[in-house]
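Chemist: Please find the sequence and the predicted model below.
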Amino acid sequence: MISRFLLLVAAVTLLASCGGGESNVASGNRQGILHFGNGSEPQGLDPHVVTGVPEHFIIGALFEGLATKNPYTLEPEPGVARSWDISEDGRVITFHINPRARWSNGEPMSATDYVWSWQRLLSPGLGSEYAYMLFPVKNARSFNRGDITDFGEVGVKALDELTLQVTLDERTPYFLQLMDHYSTFAVHRATIEKFGKMTDRYTPWTRVENMVSNGAFRLKDWKLYRRIEVEKSDTYWDRDNVKLNGIVFYPTENVVSEERMFRVGQLHYTNSVPLGKIPLYQEMADSPYRQAPYLGTYYYLINTLRPPTDNVKVRQALSMAVNRESLNKNVLKGTNIPAYSITPPDTLGYFPPKLFGYDVARARQLLAEAGYPNGEGWPGLELTYNTSEDHRKIAVALQQMWKDALNIEVTLTNQEWKVYLDSVTQMDFQMARRGWIGDYVDPNNFLDLFLTGGGNNNTGFANPRYDDLILHKAPQAATKEERLAVFHEAETMLMEQMPIIPLYTYTSKHLIHPGVKGAPPNLMDWTNFKYVWLDKDWRPTGTGN
Amino acid sequence: MWRFIGVRLLQAIPVILVVITVTFFLVRIAPGGPFDSEKAVTREVKAALEAQYKLNLPLFQQYTSYLNDVAHGNLGPSFKYPGRSVNELIAAGFPVTAELGLYAMLVALGIGGLAGIIAALKPNTAQDYIPMSAAMIGICMPSFLLGPLLVLVFGIHLDWLPVSGWGDIPGDKILPAITLGAAYAAYIARLGRAGMLEVLSQDYIRTARAKGLPEWQVVVKHSLRGGMIPVVAFLGPAFAGLLAGSFVVETIFQIPGLGRFFVQAAFNRDYTMILGTTVFVSVLIVLFNLLSDILAAWMNPRLRAQFSQH
């Protein structure tokens, strides 16, 4: 036993003395390998089955859609399709597949790959949670529901090997953006059918030895819960413009550990930054910290069917009594943007209405009009949030603001994630914390949440005129300005009724090594790895604090 | 002896069955399901998902079908990670956790055993008080405090050791092993001291000293085996505890072990994964308890005599 202990002491000393070899960042810069903190282990790599953001980055490196996004402007640019034509009425889009587009096994890509892949995504049996991405396509919704079983009736046709024709129900200005979402990517039919049926969710086709993909990179290694490595593909049509030789994705679930990994040079890019560390990084000269507006809103849902919040004046009073500037400055360390509406500002040139501000006098008056002057007779209100230190801090701050401004009691209840989801879906709450991150840059993605009976509405808000604006008036608008005006009208109606209390617009927060180039900030927090490169000449000046 | 092992293994079967049954129904009672997510899915999609994982069958039928699968060694597909089976996930995570547990145990035995012996040699002196106070601090210090402290000192300020990972960079296994082992080292120190004190007061030790044996021989040859019996009895449950309880350390150091699966599966409502890891860990606990009983019997002549009578 004693000798074992001595052995261990010897081992510690030995390893300690030779520690501090070349860091990932140093070797990565030399070899063109990006070390990327990716938040968590991906659920999987089947583009039609998974749903998360970590999956998005890896699948985005391995696959490419018909159109991709320019990382600087977020405008669509050619991917697998080298061009596309849109008919006058906006309902027919014809994609011309790039004849140089190849699968990683060397086979050429064709329009039929898309017809088969979209049939797979929409097949009811697959149970894809992102099938709705293709719902703008004619008859796609009915096919997904099982109302029609002949995929021939769905608006997607291969006119020839390299021409794909898509017919939509309505003009859908954001449809091209959806072509860059992994759910609409093509998958390799022969590979999937080799390992199972079209609609099997769990087959080994995404394993390293089996996977066939079509993106700038191909899968090289997958060590569960350790790392996923991809390497530059030699069959990708635009391989000459791909600068990285590979990317290593790490499942950095713990933000505190991730920040430490960054500090010692194990990562080029972190998924997030611990809130407490942000002020320190902000003060640094040449700070690796980067913060940018993000297409997401943090808000509280209000149950409009239960008293006392069934009264619109109570909802307005609650919202006006919140000092969002103070919340952002004192609780969130100035890392977010106060929000007064659901759609983030400058969503593709759209700015939401601002109907109210922090106004205690007006809030007190509204509460009095609702029958609770100075909080008298207030029946109490419960605020539900999912267990998290950050949500708790915000809830406590608001509880105090409501107490101070309106003299009313709000009780706080925290619930574990799945319990909380259950409460929200069943509308078993009075007020509940919520966040929404856009899937595509368009006000529609936020405003269609509140359609009557919508699955993510969860407030009881129902207004036929609102539904008409979102479902019919906006798609029929002739110009972009007209369309945005319709959204503005709808959002004004929404915020007058106040079924939600918007609190802030999210920001993306990363620590990025100064040698990483070609990964600009954007509203989608989207990195197109094809454009990323590492500055070989960048040399570390030290790895300490 | 063989009969004793056989009986204990047979007794384990109903224990495991109860564990499966209770876990199976408890996870179903918990609100929220494996396919609930922040984005609402349509009824049709949810039904299709449930059909793919047999969740549309009556509950009792799901239960018997699961028991049948487990009897054949098949723990089912993971709900959270489509394309991965629970067997595969456990096979990926367990070797890591077992290795971490083993190193932690070596740390615990090395430091704890040594401290216990040193303390027992001169009870109620500084030589006793200092290691025992350190042990008390060790017991009280949770790993989520010790881990980051060690990282700060050895990983960041001194820059000697890696701050996270497992088997990626030389030396990245040292801090996790010490963090996980520390609390157990403290227990072992206290148990070892008590055991050694009892043995050292025995007549045969006095005899050994009387015949002029050097102190180190008295300790190593005559007292160690008897004095360490309480420690050995503690090892079985401790090792099982290390495996099941390593999740905090695995999270701090981003180690891809079983402990993290175990806890995350519960948060994800990944039914098959919760059941699979629970069954797996229960089997381990049963086995380790058995093993430590056998070891304790081998070290204790009185118990050994009892066994040979059977």
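Modeler: Sure, I can see it.

Chemist: Tell me where chain B is predicted with low confidence.
Modeler: Low-confidence segments of chain B (pLDDT under 70): B:244, B:303-310.

Chemist: how does it divide into domains?
Modeler: B:41-69, B:86-268+B:276-308 (automatic domain parsing).

Chemist: how far does stretch B:218-234 stretch from start to finish?
Modeler: 24 Å (C-alpha to C-alpha, to the nearest Å).

Chemist: Show residues contacting that stretch.
Modeler: B:109, B:112-113, B:116-117, B:120-121, B:187-188, B:191-192, B:194-196, B:198-200, B:202, B:204-205, B:208-209, B:213, B:292-293, B:295-296, B:299-300 (C-beta atoms under 8 Å, 6 or more residues apart in numbering or on different chains). Bear in mind the C-beta positions are built from the backbone N, C-alpha and C, glycine included.

Chemist: buried ones in that stretch?
Modeler: Residues of stretch B:218-234 classed as buried: B:218-219, B:222-224, B:226-234 (neighbour count, 16 or more other C-beta atoms under 10 Å in any protein chain shown).

Chemist: closest to B:Arg28 among the residues you listed?
Modeler: Comparing the buried residues of stretch B:218-234 against B:Arg28 with C-beta to C-beta places B:Phe234 closest, at 35.7 Å.

Chemist: any idea which helix or strand carries the closest one?
Modeler: helix B:229-245 (DSSP states H and E).

Chemist: Toward the C-terminus, what is the element adjacent to that helix?
Modeler: helix B:247-252.

Chemist: re earlier: now which of the contacts of stretch B:218-234 would you call buried?
Modeler: For the contacts of stretch B:218-234, buried by 16+ other C-beta under 10 Å: B:109, B:112-113, B:116-117, B:120-121, B:187-188, B:191-192, B:194-196, B:199-200, B:205, B:208, B:292-293, B:296, B:299-300.

Chemist: Assign a three-state SS to A:Thr94, would you?
Modeler: strand (DSSP: H, G, I helix; E, B strand; the rest coil).

Chemist: Is it in contact with A:Ala81, as I believe?
Modeler: No: the criterion here is C-beta atoms under 8 Å, and A:Thr94 misses it with A:Ala81 at 9.3 Å.

Chemist: Identify the contacts common to those two.
Modeler: A:Leu164.

Chemist: Which one of those two is surrounded by more residues?
Modeler: In this view A:Thr94 and A:Ala81 are compared by other C-beta atoms under 10 Å in any protein chain shown, and A:Ala81 has more residues nearby, 27 against 17.

Chemist: contacting residues around that one?
Modeler: A:66-67, A:95-98, A:164, A:179.

Chemist: quick one: which of those residues has the most company?
Modeler: In terms of neighbours by other C-beta under 10 Å, these top out with A:Leu66 at 29 neighbours.

Chemist: Quick check on it: phi, psi?
Modeler: phi -60, psi -40 (degrees, to the nearest 10).

Chemist: now swap in A:Ala432 and tell me
Modeler: Dihedral angles (degrees, to the nearest 10) for A:Ala432: phi -140, psi 140.

Chemist: residues near the closest residue to chain A within the stretch 51-200 of chain B, how many?
Modeler: For the stretch 51-200 of chain B, the residue closest to chain A is B:Gly110, as judged by C-beta to the nearest C-beta, at 3.3 Å. Neighbourhood size, B:Gly110 [other C-beta under 10 Å]: 22.

Chemist: That one belongs to a helix, doesn't it?
Modeler: Yes: B:Gly110 forms part of a helix when assessed by three-state DSSP.
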